[in-house]
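In: Have a look at this fold, sequence not included:
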Ligand code: G3P
């Protein structure tokens, strides 16, 4: 399973990237706002750090304007994946940009039918939003499982990029279902290392070690 980091915070990306944890990055207009940076400048910096796909999102709502914005974003670096929303206009932009050989991430997916359309339009990635479905009392993981089944039934190569990840359990559940990629905030990836039994076990080892009076170095 690939790990994409869902942030435009360069320092946070860098820390995880140094550990070999980063297979790609996803951004969106809200994350650009949070970074306080210029979209072209911060995206260029991220693309210089990470060799995998870096999603940069268009903000136009008409297909022609989305395509123009997508081409401009794709000029930033070879590893840009142009992110378009799952609207009819977004699907048109997806088809045009993927026909030009560009990576396209279709975002804001909330149904299996939307994911089917994105695959037909040549999407490289489909981004179903798990957390936002959970927010409205719909099991977001069921959507990941449905898309996995549909894509496998017909051999679609579009990669399932599970997004709107809020918990560490979302990540292990997506891995069990077979999502190709998860994108999550840096804090969620870091929280995966935590376990209270690890903390308790380590505390006991440290206590006993102190009693030996030994040192390794
Ligand atoms: O990439 C966008 C997505 O991950 C948003 O997550 O937590 O704002 O629903 P969230």
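Out: It's in. Predicted model, so just to flag it, every value in this text is computed and none were measured.
In: what's the closest non-adjacent residue to residue 145?
Out: residue 177 (5.0 Å; Cβ to Cβ, 6 or more residues apart in numbering). From N, CA and C alone the C-beta is placed, and that goes for glycine too.
In: Look up how far the ligand lies from the one you found.
Out: Computed as Cβ to the nearest ligand atom, to the nearest Å, the residue 177 to the ligand distance reads 17 Å.
In: my guess is that residue meets residue 139, correct?
Out: No - if you go by Cβ atoms under 8 Å, residue 177 and residue 139 don't touch, sitting 11.5 Å apart.
In: More neighbours: which of these two?
Out: residue 177 (18 against 11; other Cβ atoms under 10 Å).
In: if I pick that one, what's in contact with it?
Out: The neighbours of residue 177, taking Cβ atoms under 8 Å, 6 or more residues apart in numbering as the test, are 141, 144, 145, 148.
In: Quick check: which element contains the last one?
Out: Same thing as residue 148. According to DSSP states H and E, residue 148 maps onto helix 140-154.
In: Which residues outside that helix are in contact with it?
Out: 109-112, 115-116, 119, 126, 128-134, 156, 158, 160, 162, 164, 170, 173-174, 177-179.
In: which residues in the protein form helices?
Out: 10-18, 29-35, 39-49, 63-74, 88-99, 112-120, 130-135, 140-154, 168-177, 186-191, 196-212 (DSSP state H).
In: Could you check how far the residue nearest the centre of the chain is from the ligand?
Out: The residue lying closest to the centre of the chain (Cα atoms, centre = their mean) is residue 183, at 2.5 Å. Separation of residue 183 from the ligand (Cβ to the nearest ligand atom): 6 Å.
In: Hmm, that residue is touching residue 170, no?
Out: No - shown here, residue 183 and residue 170 do not form a contact pair, counting by Cβ under 8 Å, at 10.8 Å.
In: what do those two both touch?
Out: Contacts common to residue 183 and residue 170, judged by Cβ under 8 Å, 6+ apart, are residue 162.
In: could you list every residue that touches residue 96?
Out: Contacts of residue 96 (Cβ under 8 Å, 6+ apart): 63, 67.
In: where's it relative to residue 104, distance?
Out: 9 Å (Cβ to Cβ, to the nearest Å).
In: got it, and residue 163?
Out: Taking Cβ to Cβ, one finds residue 163 at 15 Å from residue 104.
In: what number of residues lie near the closest residue to residue 63 other than its chain neighbours?
Out: Spatially, and ignoring its direct neighbours in sequence, residue 63 is nearest to residue 92 (3.9 Å; Cβ to Cβ, 6+ apart). Counted with other Cβ under 10 Å, residues neighbouring residue 92 total 17.
In: How about the one 3 residues further on?
Out: Using other Cβ under 10 Å, residue 95 has 18 other residues around it.
In: do the same with the one 3 residues further on
Out: Taking other Cβ under 10 Å as the criterion, the count of residues near residue 98 is 18.
In: Which residues are in contact with it?
Out: Residue 98 sits next to 104, 121, 122, 123, 124 when contact means Cβ under 8 Å, 6+ apart.
In: how about those in TSV, adding distance to residue 33?
Out: Formatted as TSV, these follow (distance: Cβ to Cβ, whole Å):
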residue	distance to residue 33
104	23
121	28
122	29
123	25
124	25
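In: which one of the residues you listed is nearest residue 16?
Out: Nearest to residue 16 among these: residue 124, at 22.0 Å, using Cβ to Cβ.
In: Please tell me I have it right and that closest one contacts residue 101.
Out: No - counting by Cβ under 8 Å, residue 124 sits too far from residue 101 to count as a contact (10.5 Å).
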